[in-house]
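# Dropping the sequence and predicted coords here.
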Amino acid sequence: MQRASAATLPDGRLHLHHGPMDIIADAAGPAREDALRRAAARFDGLLEELVTELPMLRTPATEFPTVDGPVAQRMLNAVTPFTPEFVTPMAAVAGSVADEIVAAMAGDGVTRAHANNGGDIAFHLTAGEQASAALAGPVPARIDLPFDGPVRGIATSGWQGRSHSLGIADSVTVLATSAAQADAAATMIANAVDLPDHPGILRTPARELFPDSDLGPRPVTVEVLPLTEAEQAMALSRGMAAAERYRASGLIVAALLVLGGDTRTTGDLFPVAESR
């Protein structure tokens, strides 16, 4: 079986890889090297921890799965607020792993740290520090995240991403108080960006694409044919209704929804400056 690997990139950042987990991590401060060593040590064996609990992690949150490990518990806690809608703890796996690696790095002498797990990013900031992140969309943009702001996690979901989606969003990027919370919310909002029964949206049962999928027989999007502007607007309005509901309940800070070159945003952190 493949083992976890940890390597230092030419620019000094840490690359952690094991199976589906592919993380770029870094830290700042006088204890940076110790922080990176702690990240590598925590990463070793993390996938095996999750594998032992996969049956429960693939169980709908409405069925009250029981999990033991800290990352598994973080996953379950992140998705539970979205019930009774269908969701499993797997909706928060990438963000939860990023949160765990950042938690391992945080400590005395570490002023700033982040872990980017395939685009789902967790941050650690101390007073006076800020992070900067790129956002996907028709116009590439960056956003600054200050210490005194609430955001400590960013995640993106969509039908063309790493995981299957029930919706048709090109991308949904969510900013939240943790990467796990952002990951779960991005999944749910991306699912909501949809045009049910539209003939131009091709779907396949998830288990036909991946027999062990936590989505089971639910039809996931495999192709989206060109939509009219009105159809795009209608799909995005469905997603925005979910995003604004989640923001009102404190589950997210902000969100950026993208479909076919059209965008919608919610939250005070948008709009953001165009990247150069």
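That came through fine.
# what ranges do the strands span in the stretch 151-276 of the chain?
153-157, 171-176, 201-205, 219-224, 254-259, 262-266, 273-274 (DSSP state E, counting those that start in this stretch).
# Among those strands, which comes closest to Thr80?
strand 171-176 (14.5 Å; CB to CB). In short, each C-beta sits where N, CA and C put it, glycine included.
# can you list contacts of the closest one?
135-137, 143, 145, 151-158, 161, 182-183, 185-186, 189-190, 193, 239, 243, 251-258, 267, 269 (CB atoms under 8 Å, 6 or more residues apart in numbering).
# Could you tell me how many residues sit around the nearest residue to Arg162 once chain neighbours are set aside?
What sits nearest to Arg162 in space, not counting adjacent residues and going by CB to CB, 6 or more residues apart in numbering, is Gly118, at 6.0 Å. For Gly118, the neighbour count with other CB atoms under 10 Å is 18.
# so who does Gly118 touch?
Residues near Gly118 by CB under 8 Å, 6+ apart: Met21, Asp22, Ile23, Ala94, Arg162.
# before we move on, what about Ala40?
Shown in contact with Ala40 (CB under 8 Å, 6+ apart): Ala6, Leu14, Leu16.
# And Thr221, by the same measure?
Here Thr221 is in contact with Trp159, His164, Ser165, Leu166, Gly167, Ile168, Ile201, Leu202, Arg203 (CB under 8 Å, 6+ apart).
# State the distance from the closest residue to the third one other than its chain neighbours to Ala190.
On the basis of CB to CB, 6+ apart, the spatially nearest residue to Ser165 that is not a chain neighbour turns out to be Trp159, at 4.2 Å. Separation of Trp159 from Ala190 (CB to CB, to the nearest Å): 7 Å.
# Same check on Thr126?
Here Thr126 is placed at a distance of 32 Å from Ala190 (CB to CB).
# Please apply the same query to Arg142.
22 Å.
# So for the two, which sits in the more crowded spot?
Just comparing Arg142 and Ala190: by other CB under 10 Å the higher neighbour count belongs to Ala190, 30 against 13.
# isn't the more buried one right up against Ser163?
No - Ala190 is beyond contact range of Ser163, at 9.4 Å (criterion: CB atoms under 8 Å).
# Now list whatever residues contact both of the two.
Ser157.
# what's the overlap in contacts for Trp159 and Ala190?
With CB under 8 Å, 6+ apart as the test, Trp159 and Ala190 both reach Ser165, Gly167, Ala169.
# Closest to Thr111 out of the residues you listed?
Taking CB to CB as the measure, Thr111 lies nearest Ala169 of those, at 35.3 Å.
# and the closest residue to that closest one other than its chain neighbours, how many residues sit next to it?
In space, and not counting its chain neighbours, Ala169 is closest to Val193: 3.8 Å by CB to CB, 6+ apart. By other CB under 10 Å, 31 other residues sit near Val193.
# From Gly69, how far out is Val193?
Distance, Val193 to Gly69, by CB to CB: 32 Å.
# now do Thr156
Taking CB to CB, one finds Thr156 at 25 Å from Gly69.
# could you list every residue that touches Ile168?
Trp159, Val193, Asp194, Leu195, Ile201, Thr221, Val224, Ala235, Leu259.
# doesn't Val220 make contact with the fifth one?
No - taking CB under 8 Å as the definition, Ile201 is not a contact partner of Val220, at 10.7 Å.
# doesn't Leu16 make contact with Ala6?
Yes - judged on CB under 8 Å, Ala6 makes contact with Leu16 at a distance of 5.4 Å.
# Please identify which of those two sits among more neighbours.
Neighbours were counted for Ala6 and for Leu16 using other CB under 10 Å; Leu16 has more, 24 against 18.
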